[in-house]
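what follows is a protein structure lacking sequence information:
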């Protein structure tokens, strides 16, 4: 059936839909790093007070993880958190009562960058200033470096060995963490 707005295009039909796929779509994501600030995950706001109780500001139209981190860095805070798509909170530490949540719960898009997540209602994407986690070129160091080891096939422990199968699995897990 021709489209009413442009009869040279097809627009479904009786009980039919025309379906299109945008191959240029880039889904939103949680920012992993901004300078030396690295993502610590999604956290619940405290029931009485703020998770990050330092400086804060709201930007209804242009909040991004990067602008929040820059604000908190200027304020001298080690922690930055974005909440509700448009709120930024800073703090020197996380309370011992801080509760981590599944990353999928921090699902509101930032008002200033619709490709970034900026927390949700009473949930914050939290960033920590950790210069030791950044390479000299500014890239994030990988946490899981590849382990290498020489393994002799069909080897057996000496008869006097007291290593249990559980200990051997634990020792193997240290060498090959991705396999266990």
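On my side now, so go ahead. Everything numeric in this text was worked out from a predicted model, so none of it was measured.

measure residue 93 to residue 52 for me?
9 Å (CB to CB, to the nearest Å). Every residue, glycine included, has its C-beta placed from N, CA and C.

which neighbours do the two have in common?
residue 79 (CB atoms under 8 Å, 6 or more residues apart in numbering).

which one's more surrounded, those two?
Using other CB atoms under 10 Å as the criterion, residue 93 and residue 52 rank with residue 52 on top: 27 against 13.

is the more buried one in contact with residue 88, as I believe?
No: look at residue 52 against residue 88 with CB atoms under 8 Å: they stay out of range, at 9.1 Å.

who touches both of the two?
Counting by CB under 8 Å, 6+ apart, the residues touching both residue 52 and residue 88 are 80, 81.

okay, now residue 118: neighbour count?
By other CB under 10 Å, neighbour count at residue 118 equals 30.

residues in contact with it?
63-65, 68, 82-87, 106, 108-111, 125.

now the closest residue to residue 37 other than its chain neighbours: how far from residue 109?
Distances taken as CB to CB, 6 or more residues apart in numbering place residue 127 nearest to residue 37, at 4.1 Å, with adjacent residues excluded. Distance, residue 127 to residue 109, by CB to CB: 17 Å.

secondary structure element holding residue 51?
Secondary structure from DSSP states H and E places residue 51 outside every helix and strand.

which residues touch it?
Per CB under 8 Å, 6+ apart, neighbours of residue 51: 43, 44, 45, 81, 89, 91, 94, 95, 98, 124, 126.

more neighbours, residue 127 and residue 109?
residue 127 (29 against 14).

my read: the more buried one touches residue 65, true?
Yes: taking CB under 8 Å as the definition, residue 127 is a contact partner of residue 65 at 7.1 Å.

centre-most residue in the chain?
Among the residues of the chain, residue 30 comes closest to the average C-alpha position under CA atoms, centre = their mean, at 4.2 Å.

any idea how far residue 103 is from the nearest residue to that one once chain neighbours are set aside?
Leaving aside its chain neighbours, residue 30 sits nearest to residue 117 (5.1 Å; criterion: CB to CB, 6+ apart). For residue 117, the distance to residue 103 equals 8 Å [CB to CB].

please apply the same query to residue 141.
20 Å.
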